[in-house]
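K.L.:
Below are the sequence and a predicted model; questions follow.
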Amino acid sequence: MTADLPPIATSFLGRLVPFVSTPRAVGKADDKLRVGILGAARIAPGACIKAIAPLAGATVEGIAARDKVRAEAMAHKYGIPKVFGSYEELLASPDIDVVYIPSPNGLYVQVI
């Protein structure tokens, strides 16, 4: 399964698996961890979207980007059900449990 993924995806997957494979009471109809993506960077598909796709316990639920057209294009290409109009809207959504930021770590503060 992970042999087809780039090293960054397997690293993300390795950190995510303990969360999605451990039973937990989250108060949702399904027990899936719902991931939101802040940005439509080129790294997002390989590092997040493709890493989460084979997991039964997680799903990419939404995306937001500074350029909504790019977010819409990525959502359409990868089957992401919701495009948010702003980062703030995604962060405030009760439909998102965890956020992936496809930016270098040093830029996280600027993104948020």
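P.N.:
All right, it came through fine.

K.L.:
Helices along the chain, start to end?
P.N.:
Assigned by DSSP state H, the helices in the chain fall at 7-21, 43-44, 50-52, 68-78, 87-92, 108-111.

K.L.:
what sits up against the second one?
P.N.:
Under the contact criterion Cβ atoms under 8 Å, 6 or more residues apart in numbering, helix 43-44 has outside partners 8, 37, 63, 74, 100, 102. Using the backbone N, CA and C atoms, a C-beta is placed for each residue, glycine as well.

K.L.:
Skip the chain neighbours and tell me the closest residue to the third one.
P.N.:
In space, not counting the residues next to it along the chain, residue 63 is nearest to residue 37; the distance is 4.4 Å by Cβ to Cβ, 6 or more residues apart in numbering.

K.L.:
Now do the contacts for that neighbour.
P.N.:
44, 48-49, 60, 62-64, 74, 80, 99-102.

K.L.:
Name the member of the residues you listed with the most neighbours.
P.N.:
Highest neighbour count within the contacts of residue 37: residue 63, with 30 neighbours (other Cβ atoms under 10 Å).

K.L.:
list the contacts for it?
P.N.:
36-37, 40, 44, 71, 74-75, 80, 82-84, 90.

K.L.:
is the residue nearest to residue 63 in a bridge, and if so with what?
P.N.:
Applying DSSP bridges to residue 37 gives these bridge partners: residue 63, residue 100.
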